[in-house]
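Novice: Here is a sequence together with a model predicted from it:
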Protein chains: 2
Amino acid sequence: MSTALIPYEKLRSFTESIFLKMGCPSDQAANAAKALLSADLRGIDSHGVARLSGYVRLWEAGRINANPTIRILHQTPSTAVVDGDNGLGLVVAQEAMRIAIEKARQVGTGWVSVQNSNHFGIAGHYAMMALEHDMIGLAMTNASPLVAPTFSADKMLGTNPIAVAAPAGMQPPFVADLATTTAANGKLEILQRKDQDTPTGWVQDKEGRPSTDAHILKKGGALLPLGSDREHGSHKGYALGAVVDLFSGLLSGANYAPWVPPFPAYVPMPSKQPGKGIGHFLGAMRIDAFRTAEEFKASMDDWIGGFRAASSINGQDNVLVPGDPERIAQEQRSLQGIPLEEIVLSDLHSLADRFGLSL
Amino acid sequence: MSTALIPYEKLRSFTESIFLKMGCPSDQAANAAKALLSADLRGIDSHGVARLSGYVRLWEAGRINANPTIRILHQTPSTAVVDGDNGLGLVVAQEAMRIAIEKARQVGTGWVSVQNSNHFGIAGHYAMMALEHDMIGLAMTNASPLVAPTFSADKMLGTNPIAVAAPAGMQPPFVADLATTTAANGKLEILQRKDQDTPTGWVQDKEGRPSTDAHILKKGGALLPLGSDREHGSHKGYALGAVVDLFSGLLSGANYAPWVPPFPAYVPMPSKQPGKGIGHFLGAMRIDAFRTAEEFKASMDDWIGGFRAASSINGQDNVLVPGDPERIAQEQRSLQGIPLEEIVLSDLHSLADRFGLSL
C-alpha cells in the first residue's frame, strides 16, 4: 500500500470545509474538524479522516443533524443529561465536556451523560480537554454492536472505549484511551487490507468458535472483549464494556447494547430503539478538589519517572506510560504531515468532487 | 484438600470477636467483619477470612491502627480527601463510601479519595453500598506491587481492582468487580496449593519471560495486566491499573506504584514512601441526578434481559451478567455455609487460641 504525507493544516481545513458544506455552523465545523483530526495526529488512523466519508454518508442518509440545538434535559450541581439533537458526536461531546468542566469548576466534579448523539472519533480528545484546566478528564461512548460477551455468539456491545487524561508537571500528561476489546476494529481493517490473518484471541466466528479470519465480522463473527477468553479474563473486558454502556446509554436515555445505531449508513437501523441515538459519558474532576495541583503534578512526575526507569524487556528502550505512543505520533505528524493510505486519499478526492472543493 | 462448611453467622461473629480483641470499637468491628465476610459469601475465597490472620499480623506489627480517627482533610461539595488514620481498610473504605453517598445526595455525585488506609477486602462490597440509595457505586484501591507493566520485568502496580454496582428493577443488580490483571493473585494461590501450573499468559518470570509456574512471584516473577501480552492488549490492562493508582494513590496523597505497603507483615516496608498508607477511591452517583430511577431501572431490566436471552456457547445455559456468579454463590453460601479449606480453618483455630476465643 502506498501512502502520501498530507500536512495537518491542509487536512484540517479541508475537513472543516466539508463540515461547512454539510451545513454545520462555523464554530462547530472548526471544532468537529479538530476533534476528528486529533485521531490522525495521534496515530489512530482508523478514527480520523478515514471516516470522514462515513460521516458524510450518515448526513446524506438523514441520520445526522448538521445544525443541532444541544440542550440540557436535566441537571444537578455536579451532573447533567444532554440531548445532542442528533448532531455530530464530534460536536456534541465537546459541548458536553465543556459542561462537565464548568460543573467541576463550581462543585469539584462534573459528570455529563449524553443521549441522541452520534459517533465521536477518539475518546481521548474529550478527556484531554480537561488538562488545561488542571482537571482529570474522562470520556466514554457506546458504539455499534461488534463485540460478543464471554460465552456468547451474539454481538451485544460496541468496542466501548474508556479514556482518562491526567496532567503532570514536567512530564507530559498521562492519557489512557482504550477500546474494551482485545483489538480495536481499526486493527482488523488494517489486516483486511493486507489480506492477513489476525492473531488468535481477537475474533470468533458466528458460532462463537475461535477464528483468525480478519474478515469474520462480515460473516457473522464478533470481536472479543479484552482478555480474549474466560481463562484470560474476557469476562472483565466484557464487564468494562458493559459499564461504558450503562454510563453512556442507560444513564442518558440513549440506545444501548445491540440496539446502538450502526456507523455505516447502508446498515439499516435496529428495529428496536430503546432510546435516542448514541450515548456518551464525560467527566471532569478538578485536581484541587482533592489536593493542590502542584502536589498532584509533582507526584505524577515521580510516578511517570518511576515507570520510565523500570527495567524494560523485549528490546524496548524504556517502559511506556499511557499516552506515550500517541504523543510521539503527534510530534512527528505535526511536523511531517499525516500519512494517508491511497484508499483514504481517493475517498477524500471523491468528497472534494462531491462538494466542489479541492484537496 | 478437604473443606469444612461453616455457617456464615458463626464465621461473622468469630471475625467480629477478633476485631474486638484487636481493640476495634464495636460498631467498627461489626462493619469490618461484614465487609471481610462479604468476600466469602460471594465466593471470592482469597479475600475473606483466609486473610484474617494476615490483618492480625499487620496489627501485631504495629502497621494497623485498630481505633482510627477517620477525618476529612479537604472537601468540595462533590469531593473529599479522607485520612484513614492507618485504620483497617475494611472500616475506612465504608466510612469514605458513606461520605460519597451523602455528597451524592446533596449535589448529585460524591467522590472520595482516601489516604493512609490499608487493604480493604473486595471492592464490590463498597460499590454495592450505593445500591439501596438508588445510586451507582464505584470502588477502587491500589495494592502491593505484584504486576509488571507491558514490556517490563519489574513489579510496579498492584492488582488494582475496579468495582461498579448499578441497581436494576426486577432483575438483580449489575455488579462488576475485577482485578485489572489477567488472573487475580487468589487464583495463583489455589494453583500453588494444588501444585499445578498456570495457563499461559497469567505470569512472567523475573526476566520478563513467559512462565506457567504458579510459584513464580516468590522467584521474582510478576502477574500480567489484563490482556496478558501486547498483542492481546496488556497495555490496556496496564493503563486501567494505572488509572486506579492515580485515583486512589495520587489524588489522595497515599503511596503509589511500587511503593504501596505490602500485605504480608513479614515483608519490610518500602524504603521510599511518597505518601501515607494505601489509597482507595470511592464514588456514588445518584441515578435521578441523570434520569428517574424508575426509567433507569426499567432500562437495566431490558439490558440484562437482552444479555440473558443472547445465544450462549461452550455449554453454558445462558450468557452471564456481571455479578451473576457472585450472587449465586451468596445465595448458596447463605444457606449452606462457607466452605473453608483445612489450612484456613487451622489458621482460624490458631487465632482463636491466640485470643482465647472458640470457633
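Specialist: Nice, thanks for sending it over.
Novice: A helix includes residue A:176, no?
Specialist: No. According to DSSP: H, G, I helix; E, B strand; the rest coil, residue A:176 belongs to no helix; its state is strand.
Novice: Specify the beta-bridge partners of it.
Specialist: Here residue A:176 sits in beta bridges with residue A:164, going by DSSP bridges.
Novice: Could you chop chain A up by domain?
Specialist: Per the record, chain A has its domains at A:1-67+A:324-359, A:68-180+A:228-322, A:183-223, by automatic domain parsing.
Novice: what's the neighbour count on residue A:98?
Specialist: By other CB atoms under 10 Å in any protein chain shown, 16 other residues sit near residue A:98. C-beta: built from backbone N, CA, C; applies to glycine.
Novice: Nearest spatial neighbour of it, chain-adjacent residues omitted?
Specialist: Excluding its sequence neighbours, the residue lying closest to residue A:98 (CB to CB, 6 or more residues apart in numbering or on different chains) is residue A:129, at 7.5 Å.
Novice: thought that neighbour was touching residue A:99?
Specialist: No. Applying CB atoms under 8 Å, one finds residue A:129 not in contact with residue A:99, separated by 11.2 Å.
Novice: coming back round to it: looking at the domains of chain A, which is buried most?
Specialist: Highest mean neighbour count among those (mean count of other CB atoms under 10 Å in any protein chain shown): domain A:68-180+A:228-322, with a mean of 23.
Novice: Check what pLDDT the residue of the stretch 251-359 of chain A found nearest chain B gets.
Specialist: Chain B sits closest to residue A:313 of the stretch 251-359 of chain A, with a gap of 3.6 Å, by CB to the nearest CB. Model confidence at residue A:313, given as pLDDT, is 94.
Novice: who touches the nearest residue to residue A:163 once chain neighbours are set aside in this structure?
Specialist: Taking CB to CB, 6+ apart, and ignoring the residues beside it in sequence, residue A:163 has residue A:123 as its nearest neighbour in space, at 3.6 Å. By CB atoms under 8 Å, 6 or more residues apart in numbering or on different chains, the contact set of residue A:123 is A:139-141, A:161-163, A:177.
Novice: Tell me how far residue A:123 lies from residue A:298.
Specialist: 27 Å (CB to CB, to the nearest Å).
Novice: Residue A:311 contacts residue B:152, correct?
Specialist: Yes. Between residue A:311 and residue B:152 there is a contact under CB under 8 Å: 6.2 Å.
Novice: Tell me who's in contact with residue A:206.
Specialist: Residue A:206 is in contact with A:153, A:216, A:219-222, counting by CB under 8 Å, 6+ apart.
Novice: Within reach of chain B, which of those residues are there?
Specialist: Taking CB under 8 Å from any CB of the partner chain as the test, chain B is in contact with residue A:153 out of the contacts of residue A:206.
Novice: Residue A:37 versus residue A:346, what's the distance?
Specialist: Using CB to CB, residue A:346 is found at 19 Å from residue A:37.
Novice: Same question for residue A:348.
Specialist: Distance, residue A:348 to residue A:37, using CB to CB: 12 Å.
Novice: Overlap of the contact sets of these two?
Specialist: Counting by CB under 8 Å, 6+ apart, the residues touching both residue A:348 and residue A:37 are residue A:49.
Novice: Does the nearest residue to residue A:247 once chain neighbours are set aside belong to a helix, a strand or coil?
Specialist: Counting by CB to CB, 6+ apart, residue A:247 lies nearest to residue A:281, which is 4.0 Å off, once chain neighbours are set aside. Of the three states, residue A:281 takes strand under three-state DSSP.
Novice: What residues are bridge-paired with residue A:281?
Specialist: Following DSSP bridges, residue A:281 is listed with bridge partners residue A:113, residue A:140.
Novice: you'd agree it is up against residue A:110?
Specialist: No. Counting by CB under 8 Å, residue A:110 is not a contact partner of residue A:281; they are 11.6 Å apart.
Novice: isn't residue A:4 right up against residue A:343?
Specialist: No. Counting by CB under 8 Å, residue A:343 is not a contact partner of residue A:4; they are 11.3 Å apart.
Novice: Check the spacing between the residue nearest to residue A:161 when sequence neighbours are not counted and residue B:108 real quick.
Specialist: Leaving aside its sequence neighbours, residue A:161 sits nearest to residue A:123 (CB to CB, 6+ apart; 4.4 Å). Distance, residue A:123 to residue B:108, using CB to CB: 23 Å.
Novice: swap in residue A:212?
Specialist: From residue A:212 over to residue B:108 the distance is 47 Å, taken as CB to CB.
Novice: what does residue A:134 give?
Specialist: 22 Å.
Novice: Give me the pLDDT for the residue nearest to residue A:161.
Specialist: Listed pLDDT for residue A:123 reads 98.
Novice: got a list of what the residue nearest to residue A:309 when sequence neighbours are not counted touches?
Specialist: Closest residue to residue A:309 apart from its sequence neighbours, by CB to CB, 6+ apart: residue A:318 at 7.8 Å. Taking CB under 8 Å, 6+ apart, we find residue A:318 in contact with A:308-310, A:312.
Novice: Next step: those residues restricted to helices.
Specialist: Among those, the members falling in helices (DSSP state H) are residue A:308.
Novice: helices or strands next to the helix ranked longest in chain A in the packing?
Specialist: The residue-count maximum for a helix in chain A (DSSP H) belongs to helix A:89-107. In terms of contacts (3 or more CB pairs under 8 Å, 6 or more residues apart in numbering or on different chains; DSSP states H and E), helix A:89-107 is packed against helix A:26-41, strand A:79-83, strand A:109-117, helix A:123-128, strand A:135-141, strand A:278-286.
Novice: what's the angle between the shortest one and strand B:109-117?
Specialist: When axes from the mean of the first three to the mean of the last three CA atoms, to 10 degrees is applied, the directions of strand A:79-83 and strand B:109-117 differ by 140 degrees.
Novice: Likewise for the first one?
Specialist: What separates the directions of helix A:26-41 and strand B:109-117 is an angle of 40 degrees, with the same axes, to 10 degrees.
Novice: residue furthest from the geometric center of chain A?
Specialist: Most distant residue from the mean C-alpha position of chain A: residue A:311, 31.4 Å away (CA atoms, centre = their mean).
Novice: what sits against that one?
Specialist: Counting by CB under 8 Å, 6+ apart, residue A:311 touches A:319, B:152-154, B:208.
Novice: Report pLDDT for the closest residue to residue A:2 other than its chain neighbours.
Specialist: The shortest distance from residue A:2 to any non-neighbouring residue, by CB to CB, 6+ apart, is to residue A:342 (5.3 Å). pLDDT for residue A:342: 92.
Novice: How far does stretch A:19-32 stretch from one end to the other?
Specialist: By CA to CA, to the nearest Å, the extent of stretch A:19-32 from end to end equals 8 Å.
Novice: just how off-centre is it within its chain?
Specialist: Mean-position distance between stretch A:19-32 and its chain equals 20 Å (CA atoms, centre = their mean, to the nearest Å).
Novice: And the lowest mean pLDDT element among the helices and strands of chain A?
Specialist: Ranked by mean pLDDT, DSSP states H and E, the weakest helix or strand in chain A is helix A:185-194, scoring a mean of 87.
Novice: Kindly export that helix (C-alpha atoms) in CSV.
Specialist: C-alpha atoms of helix A:185-194 as CSV (Å, rounded to 0.1, in the frame of the first residue of the first chain):
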residue,chain,number,x,y,z
ASN,A,185,-11.9,-2.7,14.8
GLY,A,186,-9.4,-0.4,13.1
LYS,A,187,-6.7,-3.1,13.6
LEU,A,188,-8.8,-5.6,11.9
GLU,A,189,-9.3,-3.3,9.0
ILE,A,190,-5.6,-2.9,8.5
LEU,A,191,-5.2,-6.7,8.3
GLN,A,192,-8.2,-6.9,5.9
ARG,A,193,-6.4,-4.6,3.5
LYS,A,194,-3.2,-6.6,3.7
